[in-house]
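**Student:** need a 3D model of the sequence below.
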Amino acid sequence: MPGGRLSQQERQQIALGLADGLAYAEIARRLERPTSTVTREVMRNGGPTAYRADLAHRATERRARRRPAASPHGPAAPGPGGRDSEAVADYEETLTTVLMGSGLSRMAARVLTCLFTTDAGSLTAAELARRLQVSPASISKAIAFLESQSLVRRERDDRRRDRYIVDDELFFQATVASARANEQLVATARQGAALLGAGSPAAHRLENVARFLDFIGESMIRAAEQAREILHTKPAPAAVPAPAEDGA
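**Tutor:** Here you go, the predicted model:
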C-alpha cells in the first residue's frame with residue numbers, strides 16, 4: 001500500500017472520483033490508500049463540492065514549507081506526559097476532519113478538537129487562540145456556534161475569565177437537543193398532511209415523514225437516557241498479558 005504524502009496525480013484521481021459521485025471508501029480503494037487519508041484530504045481542502053486537485057496540492061506544499069524543520073540533534077522532545085507530539089498532532093488533524101464530516105465548520109471542529117485533547121477539558125478564549133494561532137474573533141464565532149449546539153459550556157474561573165468546557169454530560173445534552181430539533185419538522189409535516197387532505201399522495205408522504213422522524217427522535221432520547229450512566233464511568237484498565245511460563 002502506498003505511503004507518504006498524496007501525489008498530484010492521486011489528488012486528480014480524488015477530484016475525478018468526487019465528480020463521479022464515488023464514496024470516500026471507493027476512492028481510497030482505487031488509490032490503495034486508507035479511507036481516512038482521502039476523507040482528511042477532501043475535508044481540509046474545501047469539502048466534496050469545492051475540492052480542486054491543483055489548489056489542494058499547492059496548499060499542502062505551503063503547509064509543508066511552514067512546518068519547522070526537524071532538529072539536527074535528533075527527534076523532537078516528547079510532549080506533556082511523554083506523548084509523541086507528532087502523533088498527537090496527526091491525531092488532532094484526523095479528529096478535526098471527522099468532526100467536519102459531521103457538519104462542523106473547520107474552525108468549530110478545531111476548537112472542539114483542542115478541548116477534547118486537553119487533559120483539563122477546558123481553555124479560555126485566549127488559550128484557544130494561542131494554541132490554534134488564530135484571531136480571538138475566530139474563536140468567538142466558533143464558540144458561539146458550539147454553545148448553540150450544546151457542544152461546549154462556559155464557566156467563570158477564579159480570575160473571572162470565561163473558560164470553555166467539554167465534559168461527559170454535554171454528549172447527553174447534545175444528543176437530546178439533536179433529537180428534539182426534529183419536533184418542529186414533525187409538527188409542520190403533520191400540519192401539511194392535514195391541509196392537503198387525508199388520502200392524497202402528498203398528505204401520505206408528509207405523514208410518513210412525520211412518523212419516521214417522530215420514531216427516530218423518541219428512540220434517540222430513550223437510548224441516550226439508558227446509556228447516560230456510561231458517560232460517568234471510568235473505562236476499565238487495559239488487561240496486562242501474563243508472562244509466558246517456561247517450558248518443562
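**Student:** can you list the domain ranges for the chain.
**Tutor:** Listed by automatic domain parsing, the domain ranges of the chain are 8-62, 85-166, 169-232.
**Student:** mind checking how far the second one is from the chain centre?
**Tutor:** On the basis of Cα atoms, centre = their mean, to the nearest Å, domain 85-166 is displaced by 11 Å from the centre of the chain it belongs to.
**Student:** now R156: phi and psi?
**Tutor:** phi -90, psi 130 (degrees, to the nearest 10).
**Student:** could you give the number of residues near it?
**Tutor:** 9 (other Cβ atoms under 10 Å). Any C-beta I mention is one placed from the backbone N, CA and C, and that applies to glycine too.
**Student:** G82 now?
**Tutor:** Look at G82: counted by other Cβ under 10 Å, it has 6 neighbours.
**Student:** my read is that D167 contacts T118, right?
**Tutor:** No - between D167 and T118 there is no contact under Cβ atoms under 8 Å: 12.0 Å.
**Student:** could I get the domains of the chain as a markdown table with mean pLDDT?
**Tutor:** Shown next, in a markdown table, are the domains of the chain (pLDDT from 0 to 100):
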| stretch | mean pLDDT |
| --- | --- |
| domain 8-62 | 87 |
| domain 85-166 | 87 |
| domain 169-232 | 88 |
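**Student:** so is Q184 in a helix, a strand, or just coil?
**Tutor:** helix (DSSP: H, G, I helix; E, B strand; the rest coil).
**Student:** who are the neighbours in contact with it?
**Tutor:** Residues near Q184 by Cβ atoms under 8 Å, 6 or more residues apart in numbering: none.
**Student:** wait, is L104 part of a helix?
**Tutor:** No - under the criterion used here (three-state DSSP), L104 is coil, not part of a helix.
**Student:** secondary structure element for the closest residue to it other than its chain neighbours, which one?
**Tutor:** Once flanking residues are discounted, L104 sits nearest to L112: 6.9 Å by Cβ to Cβ, 6 or more residues apart in numbering. Using DSSP states H and E, L112 falls within helix 106-116.
**Student:** after that helix, next one along is what?
**Tutor:** By DSSP H and E, the next helix or strand past helix 106-116 is strand 122-124.
**Student:** give me the contact list for whichever helix or strand comes after that following strand.
**Tutor:** For strand 122-124, the following helix or strand on the C-terminal side (DSSP H and E) is helix 125-132. Identification of contacts with helix 125-132 by Cβ under 8 Å, 6+ apart yields 110-111, 114-115, 123, 135-136, 138-140, 143, 161-162, 164.
**Student:** again, but for stretch 107-121
**Tutor:** With Cβ under 8 Å, 6+ apart as the contact definition, stretch 107-121 has outside contacts at 80-81, 88, 91-92, 95-97, 99-100, 104, 122-123, 128, 131-132, 134, 138-139, 141-143, 145-146, 151-152, 164-167.
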